[in-house]
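J.: no sequence on this one, just coordinates:
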RNA sequence: GCCGAAGUGGCGGAACUGGUAGACGCCCAGGACUUAAAAUCCUGUGUUCAGCAAUGGACGUACGGGUUCGAUUCCCGUCUUCGGCACCA
C-alpha cells in the first residue's frame, strides 16, 4: 500500500468531526490546560505558511497535553471587524459582512485541512451581535467606572477628505497633495493610565519573554521626578515644570514651554508677540510625525518673559519650542544644557548659557555630560548644598527642600497615554451612547446595539462615520427626550481584548461568562502569537482584564500566564513575505502538494519556534521522505498488508534508543522545541529501519509520540496495526530513566585541551580506570611521551584531559 | 541615539550546567537496484596541508583580546544584522 496523504487526511478529519474527538467538556475531574492562538483577522488574501506556524505549535501542544491526561481547551475564532473589509465595501459596495463571511469560510477550510484539533463548537466571531453585545457591555461598565470619557484630542485632520487619519496614513496623504493639520476633536478615550501602576507591577508574575515585558515597561514608561514652580515676576501665575533631575536645578539656565501651553501667548511681550504667534501657528500646522519624527534642527522663539530659578534666584528666559511635548508632564521644562543633550543642542542653537553642575570629565561648553554617577558641583545657596552628592542623595535633598518651601512636589509620570477609543468607521462595534439636546449623555442599555444597513460606506461630510447618514438609526426618543446616537465605533482592538474569556462560555446569553467555568479554565496557560502584538493588544487586553477583575467578572489579575512569540517565516528569498515581493507561499499550495502532516512537521522542523527563518521548499522534501519512511515501517515496499508486529525483545541498543527518544520528545515538546523533537524521531525511525525491528512496543511508541505532530498518518497506522480507537486517546509513553543512557560510552581524551583520541568504556567507570585506559590510547601516547603530566582531569562518562609540560 | 535579541559548513539548523563543534535535514558528488527513469538504499561531504592510500597535522562557531587543563558557551572591547522605541525632560 502506498502512502496517500490526501485520502488519509480527509478520512481522519471526518472521523474526528464525527466522533467529537476534540470537544472539551467543562468541569471535568481532570486538570485543565488552556492553549490559545491569537485569533486572526480573516483577510481576503488567505493564509500563508507563516500564519500556520503558531497554529501548528499550539496544536501540537494541545494534542500532547491531551495525551498527558489534561482536559484541553483549544479554541479558534475570528477578529472580524476591521478596515480592509470596509475599504473593500467603499470600493465595491459589497457589505463587509459578506466579505467577512467568505473570508472566514476560506480560513476555516484551510485550518481544518491542517488537521488542527480546535473545538469548533466554541468558535466565536467578534462581529456577531451575540458576541459584541458583551463588548458593548464592557464599555458601559468602563463608563460607569469613570474609565471612559470624552475629550478633545489632537488628531490628524485632513480637510479635503473630511476625515481623521491614522499617524501611519499622514505621510502618504500629504504626498498626494492633501493638507493635514492637527486639530482637536471630541473623542472617546479610555483611562488606561489609571491602571498604569498595576499594569507595570503585575508584569513581574508573568512567564513572558523578557523582551516583551521590557517593551511593555518602556511603553508604560514610569518615571519619578519633581514638579517645580517657577515664579514669573511680571505675572500673577507661576510656571510649573516637570523634571526627573531636580539635582541639576542649579544648572537650569532657561525654561521651555510647548507651543500649546496655556501661557504661551500670555508670556509673549509686546516686542515678541508677532514672532510668538507666528511660531505657534507654524507648530499647529506640523503633524505629529514632523514634530517628533526624524531628528531635525531645533526651532524656538523667546517669549520675552523671565522666570526665577528658585535655587539661585536668577532670572531665566522662557522660550517656546515644539520639542517640548504638550501632553507629557506639565508641557514645560527647565533646561539644564550642561547635562541634557536636547537642552545642550537648543542652548547652542540660541546661544544660551551652559553651567556645569555635575562634575564632568570634559568641558561642558563643548560637549554635554549626561552620566548620573558623578557628583554635584556649583550647587549651593544659603539654605541648601548638593555639592559632592551623587544623584540619589542630591535628588532627595533637593526634592525635600522644594517641598518644605512649597516650591514643588514629587511626582510620578507615565509615558502611557489614555487610549483613544473612537473610530469614524462603519465596520466596528457601535458605542452604545445617546446624546441629548441639552448636551447630556446616557447609556444605551438595550444591548446589543446593532449596525444598521447602509448604502454607502464613505464617511459623512462632517467627518463622522457613515452611521451619521442613517437618520432612522441615528435619531430616537426615549423618556428623557430626543437623542442622537454616538456615531463613532470602537477600534479593532476592542473585540480582541476579551475574546479568550468568551471561548470558555461562548453561548451564554445572560452573562459575559459563567463564574464557575471562568474559575475552572482561566488563566490561559499558553498564549501563542506574533511579536507584533507585544505592546498594544497585550496591554489593552491586560487592562480590560483588570477592569473585569475589579468588577468581579474574572478571578485573576492577569489573563495570559505564559506567552510565546513565534518568529516570522520569511519567503524563500529571505525577505518578509508580501504580495508586492511576490514571495508569498500560500498555505493551500503546500497543503495540496505535500499534505497536512508534512506541512505541520516542516513548519516545526524549520528551526526554533521563536526564531525568524526563511521557508525553503526543498526542505519539505526531507520531511515527506521521513513520513514515507514511517509508513514503510508498517507497509514495506509493495506490501498490501500491514507488517506483522512481534513481541520479541528488542536489541538492547534499540531499547535504549527508544527510551532516549521518548525522553527527548516529551521534554522538547513540553518546552516548545519542536525542531529537535522531530530530529530525534528521525533518528529513531532510521534506527528501526536499520535493525529491521518489528517489535510492537517500539512501533506503537513511535506512533503515539508522532501523533501530536503528524496526527493523520499516526491515526492511519494505528488502525493498520489493529486498533479500533483513536491514537489520540492513548497516554503519552513514559521513559525508564535507567535506559536513557548508553551502556557503552565514547570517552574523549585531550592533551593540553586538544582532542587526541577516544576510547570506549562502560558507563559509570571509575576515574582511575578511565585514566589508565586513556593513557593506553595509541594516538594519545605520542603526545604524552617525553612530557611530564602536571594535571589529570577526569569528567566521568565524558572525557579525560591531561595537562603536560 | 536608547532598549532588546542574534551572528556556527554551500543552506536551515544542533550542542545538557565550560567538556569529542557541525546532531537532524536540504543541496551536491559517487555507487547499488532498473532496459531506462522515478522511488528506495549505501557511501562521501567545514577549510586546508602532507600522502598512492590507510592515515596524520594545522586551522575553524562575526572580529580582537582575556580567564581556564579545556570556551560556540564566561568576561572586556569592536563590527554587522534583526526587532522595538524614538526629543517622554
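T.: Yep, it's here. Since the model is a prediction, treat every value here as computed from it, not as a measurement.
J.: Most proximal residue of the stretch 401-550 of chain A with respect to RNA strand B?
T.: Sorted by distance to RNA strand B under CB to the nearest atom of the strand, the residues of the stretch 401-550 of chain A start with residue A:415, at 3.6 Å. Just so you know, the C-beta spots here come from the backbone N, C-alpha and C atoms, and that holds for glycine as well.
J.: and that residue, how many neighbours?
T.: Around residue A:415 there are 15 other residues, counting by other CB atoms under 10 Å.
J.: isn't it right next to residue A:219, touching?
T.: Yes. Look at residue A:415 against residue A:219 with CB atoms under 8 Å: they come within range, at 6.9 Å.
J.: just to revisit the earlier point, would you list the phi and psi of the residue of the stretch 401-550 of chain A closest to RNA strand B?
T.: The main-chain torsion angles of residue A:415 are listed as degrees, to the nearest 10 and equal phi -70, psi -30.
J.: And residue A:419, by the same measure?
T.: phi -100, psi 110.
J.: Report the contact partners of the closest residue to residue A:312 other than its chain neighbours.
T.: Nearest non-adjacent residue to residue A:312, counting by CB to CB, 6 or more residues apart in numbering: residue A:250, 6.0 Å away. The contact partners of residue A:250, by CB atoms under 8 Å, 6 or more residues apart in numbering, come to A:309, A:311, A:312, A:355, A:357, A:376, A:378, A:379, A:380, A:381, A:386.
J.: and which of those is nearest to RNA strand B?
T.: Sorting these by distance to RNA strand B puts residue A:357 at the head of the list, at 13.4 Å, by CB to the nearest atom of the strand.
J.: Against residue A:304, how distant is the nearest residue to residue A:277 once chain neighbours are set aside?
T.: Using CB to CB, 6+ apart and skipping residues adjacent in sequence, the residue nearest residue A:277 is residue A:265, 7.0 Å away. Separation of residue A:265 from residue A:304 (CB to CB, to the nearest Å): 12 Å.
J.: neighbour count winner among those two?
T.: For residue A:265 versus residue A:304, the count of surrounding residues by other CB under 10 Å is larger for residue A:304: 17 against 14.
J.: and residue A:757, that one's in a strand?
T.: Yes. Secondary structure of residue A:757 (DSSP: H, G, I helix; E, B strand; the rest coil): part of a strand.
J.: Beta-bridge partners for it, please?
T.: residue A:749 (DSSP bridges).
J.: number of nearby residues for it?
T.: Here the number of neighbours of residue A:757 (other CB under 10 Å) works out to 19.
J.: circling back to that earlier point, so who does the residue nearest to residue A:277 touch?
T.: By CB under 8 Å, 6+ apart, residue A:265 lies in contact with A:273, A:276, A:277, A:280.
J.: Smallest gap between the stretch 1-150 of chain A and RNA strand B, at which residue?
T.: With CB to the nearest atom of the strand as the measure, residue A:2 is the residue of the stretch 1-150 of chain A nearest to RNA strand B, at 9.2 Å.
J.: backbone phi and psi for that residue, please?
T.: Residue torsions, per degrees, to the nearest 10, at residue A:2 are phi -90, psi 150.
J.: Let me see the contact set for the residue nearest the centre of chain A.
T.: Central residue of chain A (CA atoms, centre = their mean): residue A:534, 2.2 Å from the mean position. Shown in contact with residue A:534 (CB under 8 Å, 6+ apart): A:211, A:212, A:215, A:216, A:565.
J.: Quick check: residues of the stretch 401-550 of chain A near RNA strand B?
T.: The stretch 401-550 of chain A has residues A:413, A:415, A:531, A:532, A:534, A:535 near RNA strand B, with proximity defined as CB under 7 Å from any atom of the strand.
J.: The residue nearest to residue A:312 and residue A:356, how far apart?
T.: To residue A:356, residue A:250 is 10 Å away according to CB to CB.
J.: measure residue A:690 to RNA strand B for me?
T.: Residue A:690 sits 6 Å away from RNA strand B, going by CB to the nearest atom of the strand, to the nearest Å.
J.: What's the local residue count around that residue?
T.: One way to gauge burial is a neighbour count; for residue A:690, by other CB under 10 Å, it gives 9.
J.: Sticking with it, tell me its helix or strand.
T.: Assessed by DSSP states H and E, residue A:690 sits inside helix A:674-691.
J.: what does that helix contact?
T.: Contacts made with helix A:674-691 from outside it, assessed by CB under 8 Å, 6+ apart, are listed as A:57, A:60, A:601, A:604-609, A:626, A:629-630, A:632-633, A:651, A:654, A:657-658, A:660-661, A:664-665, A:668-669, A:698-699, A:702, A:705-706, A:709.
J.: does residue A:114 really touch residue A:591, like I thought?
T.: Yes. The pair residue A:114 and residue A:591 qualifies as a contact (CB under 8 Å) at a distance of 7.0 Å.
J.: shared neighbours of the two, anything?
T.: The overlap between the contact sets of residue A:114 and residue A:591 (CB under 8 Å, 6+ apart) consists of residue A:599.
J.: Which residues are in contact with residue A:39?
T.: If a contact means CB under 8 Å, 6+ apart, then residue A:39 has A:76, A:77, A:78, A:79, A:496, A:499 as its contacts.
J.: quick one: which of the residues you listed is nearest residue A:505?
T.: Out of those, the one with the shortest distance to residue A:505 is residue A:499. That distance is 11.9 Å, counting by CB to CB.
J.: Would you mind measuring from that closest one to residue A:547?
T.: Applying CB to CB, the value for residue A:499 to residue A:547 is 15 Å.
J.: try residue A:538
T.: Shown here: residue A:538 relative to residue A:547, a distance of 15 Å by CB to CB.
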